[in-house]
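>>> prediction below, plus the sequence it came from.
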Amino acid sequence: MPRKLRVSVDLDICVGNAMCETYAPKVFVLNDDRQSTVADSNGDTFENIMEAAQDCPVSAITVIDDETGEKLFP
Ligand code: SF4
């Protein structure tokens, strides 16, 4: 069974470059203020979500295992 994730974006530091939306468009959606919001924490593969988190230029994305509470990123 795929891992269940809890994804969040720190809006205080998101610079809205949409990188995360490119990697996982069902998970990250830019709002009207051009900031990334999480539409569905489990809307893409684990690999795509982790890649989006790792490539965020300001490390605004946090990924947590929703079942164990383990912090997967950062
Ligand atoms: S990649 Fe990071 S800075 Fe860019 S929109 Fe996504 S959360 Fe914001």
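Yep, that arrived.
>>> so V9 makes contact with N31?
No - taking contacts as C-beta atoms under 8 Å, V9 lies outside contact range of N31: 10.1 Å. Using the backbone N, CA and C atoms, a C-beta is placed for each residue, glycine as well.
>>> of the two, who's got more company?
The neighbour comparison of V9 against N31 (other C-beta atoms under 10 Å) goes to V9, with 19 against 11.
>>> for that one, which residues are in contact?
Counting by C-beta atoms under 8 Å, 6 or more residues apart in numbering, V9 touches C20, F28, Q35, S36, T37, V38, A60, I61, T62.
>>> okay, among these, which ones form the most distant pair?
Comparing every pair within the contacts of V9 by C-beta to C-beta identifies Q35 and T62 as the most remote, at 14.9 Å.
>>> who in this protein is up against the ligand?
Remark: the part of the chain in contact with the ligand comprises 9, 14-20, 28, 36, 56-58, 60-61, using C-beta under 6 Å from any ligand atom.
>>> please narrow those to those residing in strands.
Assigned to strands by DSSP state E, the following of those qualify: V9, F28, S36, I61.
>>> for those, which one is nearest the ligand?
For those, the closest approach to the ligand (C-beta to the nearest ligand atom) belongs to S36, at 3.8 Å.
>>> I figured the closest one hits V27, correct?
No - with contact defined as C-beta under 8 Å, S36 does not reach V27; the gap is 9.3 Å.
>>> now for those two: what residues contact both?
Here S36 and V27 share the contacting residues C20, scored by C-beta under 8 Å, 6+ apart.
>>> thanks again, I'm all set now.
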